[in-house]
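Participant: coordinates for the following, if possible.
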Amino acid sequence: VQLQASGGGSVQAGGSLTPSCAASGRTFSTYVMGWFRQAPGKEREFVAAISRSVGSTYYADSVKGRFTISRDNAKNTVYLQMDSLKPEDTAVYYCAASPTGYGTMRSDYEYWGQGTLVTVSS
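Facilitator: Next comes the predicted model:
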């Protein structure tokens, strides 16, 4: 599967953005989807994941209550609604697909999009 992320941008603290990630192929619904982020000089870290059938979601503690992951299997797209953004949320956001399971590690995901930059100013 090929992934294409978009929808990043620049916002002020407290604002909102909703990046999306479009997947190619006809097997999108068979993948667990995740979002990761990488800030300058830091390791890539897990943000959120959603199960194949939209039954379950999981979030990093740093974004819980502010971010919402969702997916539309008919459109082969996963979204990350980000509210109450903080300057520390500034990073390149990557979507990823796992054919096997629900995970929070980079190694749990086999396919990656190219990333979309989110910049939050104070």
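Participant: mean confidence for stretch 63-72?
Facilitator: For stretch 63-72, mean pLDDT rounds to 97.
Participant: what does it contact?
Facilitator: 33, 35, 47-50, 54, 57, 59, 77-85, 89 (C-beta atoms under 8 Å, 6 or more residues apart in numbering). Where you see a C-beta, it was placed from the backbone N, CA and C, and this is true even at glycine.
Participant: hmm, which of those residues are the buried ones?
Facilitator: Buried members of the contacts of stretch 63-72, scored by 16 or more other C-beta atoms under 10 Å, are 33, 35, 47-50, 59, 77-80, 82, 85, 89.
Participant: of those, which belong to strands?
Facilitator: Taking DSSP state E as the definition of strands, the buried ones among the contacts of stretch 63-72 contribute 33, 35, 47-50, 59, 77-80, 82.
Participant: what's the most distant pair in these?
Facilitator: 59 and 77 (19.1 Å; C-beta to C-beta).
Participant: what are the boundaries of the strands in this structure?
Facilitator: Using DSSP E, strands in the chain cover 3-6, 9-12, 20-23, 32-38, 45-50, 57-59, 67-72, 77-82, 91-98, 111-112, 116-121.
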